[in-house]
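Participant: Kindly generate the corresponding structure for this input.
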Amino acid sequence: MNQKRAVLVKDKLTKRTNIIQAAANLLSRKDLADLSMDAVAKKARVAKGTLYLYFPTKEDLALSVHIFDYQLWFKDLSEYLDLDLKDTFDFQEWFVQSIVKHPRFIKLLPIVPTILEKNASYETIKEYKYELLNQLGLILSRLTTRLGFKKEEDTFMFMMQCHAIAIGAWSHGFPSATVKQVLNEADLKVFLIDYVSFVKSSIDILQKGYREKL
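Facilitator: Reported below is the predicted structural model:
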C-alpha cells in the first residue's frame, strides 16, 4: 500500500513538473496575456481538466514557472559566489548579466506583484514566498561577505531593493509601443532609459550607500 502511494505521488510530481516545463517553454516565446491553458495542456499532453486540477488559474501556473526560474537564478548566483574574488566582477555587473541570461525570469518579474500574486491561490503564493526565503537563506552569508556588508539583515534588505529596482525600471526600459512612440518626441526622450545600464548604476549606488554605513 505504501509503495503504491509512493508511486502515485511520484507520478503526480512528474506530471506537475511536465506541465510547468510546458508552460515555461511557451512563456519563453509569448507574454502571459497570450498564453492559453489549452495550449499548455496540449504541450504537456494532458487533458485540460487535469491541468486545472494541478493549477486552478493561469496565474498559479505562471507563478510556478517563476519559482522554477528563481531556482535557476539563485543557482547562478551561488556559482558566482563560489568564484574566487580575484577572478570575478562586481555584483551589479553579475546582476545585469543574469537579467540578460534569464529573459523569461525578468519578463515575469514585473507582473508578479501586479498580476500573478493578485490572482494566484493562497497555496501557490505561500510556496513562492517560502521558496524565496529558502533560496535567500542558502546564499545570504556568502553574499554578505562578497558585498562587504557586516550584517546579513542589510544583505537581505539590499536584495529586496535590487528586486524593487528591477521591477520598477521595467516599464521605463520597455514601454508599450504607444508610449515609445510618444517618447520619440524630442522633448520627451529624456524619459527613455537603457534598462540594463539603469539597473546596474542604481544597484551600484545602493551598494555604496550600504558600505558607507559601516
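Participant: Check the contact between residue 125 and residue 63; I expect there is one.
Facilitator: Yes: taking C-beta atoms under 8 Å as the definition, residue 125 is a contact partner of residue 63 at 7.1 Å. In this view, the C-beta of every residue, glycine as well, is placed from N, C-alpha and C.
Participant: list residues touching both of those two?
Facilitator: Residues touching both residue 125 and residue 63 (C-beta atoms under 8 Å, 6 or more residues apart in numbering) are residue 117.
Participant: which of these two has more neighbours?
Facilitator: residue 63 (25 against 18; other C-beta atoms under 10 Å).
Participant: got the contact list for the more buried one?
Facilitator: 112, 116, 117, 120, 124, 125, 128.
Participant: Tally up the residues packed near the first one, please.
Facilitator: By the criterion of other C-beta under 10 Å, residue 112 has 20 neighbours.
Participant: was I right about it contacting residue 66?
Facilitator: Yes: counting by C-beta under 8 Å, residue 66 is a contact partner of residue 112 at 6.3 Å.
Participant: Which stretches in the protein count as helices?
Facilitator: All helices of the chain, identified by DSSP state H, fall at 2-27, 37-44, 48-54, 58-82, 91-101, 103-108, 117-119, 122-147, 152-168, 170-173, 177-183, 195-212.
Participant: closest one to residue 189 among the ones you listed?
Facilitator: Residue 189 sits nearest to helix 177-183 of all the helices of the chain, at 6.1 Å, using C-beta to C-beta.
Participant: helices or strands up against the closest one?
Facilitator: Helices and strands touching helix 177-183, by 3 or more C-beta pairs under 8 Å, 6 or more residues apart in numbering; DSSP states H and E: there are none.
Participant: Give me the distance from that helix to the chain's centre.
Facilitator: 26 Å (C-alpha atoms, centre = their mean, to the nearest Å).
Participant: any idea of the mean pLDDT in it?
Facilitator: For helix 177-183, mean pLDDT rounds to 93.
Participant: Can you show me the CA trace of it as PDB?
Facilitator: The C-alpha trace of helix 177-183 is given here as PDB (Å, rounded to 0.1, in the frame of the first residue of the first chain):
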ATOM      1  CA  ALA A 177       4.500  50.700 -28.400                       C
ATOM      2  CA  THR A 178       2.300  53.700 -28.000                       C
ATOM      3  CA  VAL A 179       4.400  55.100 -25.100                       C
ATOM      4  CA  LYS A 180       7.500  54.500 -27.100                       C
ATOM      5  CA  GLN A 181       6.000  56.500 -30.000                       C
ATOM      6  CA  VAL A 182       5.200  59.400 -27.600                       C
ATOM      7  CA  LEU A 183       8.700  59.400 -26.100                       C
END
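Participant: Same question for it: list its buried residues.
Facilitator: Along helix 177-183, not one residue counts as buried under the neighbour rule (16 or more other C-beta atoms under 10 Å).
Participant: Phi, psi for the residue nearest to residue 15 when sequence neighbours are not counted please.
Facilitator: Among residues not flanking residue 15 along the chain, residue 46 sits closest, at 6.7 Å (C-beta to C-beta, 6 or more residues apart in numbering). With angles defined as degrees, to the nearest 10, residue 46 sits at phi -130, psi 160.
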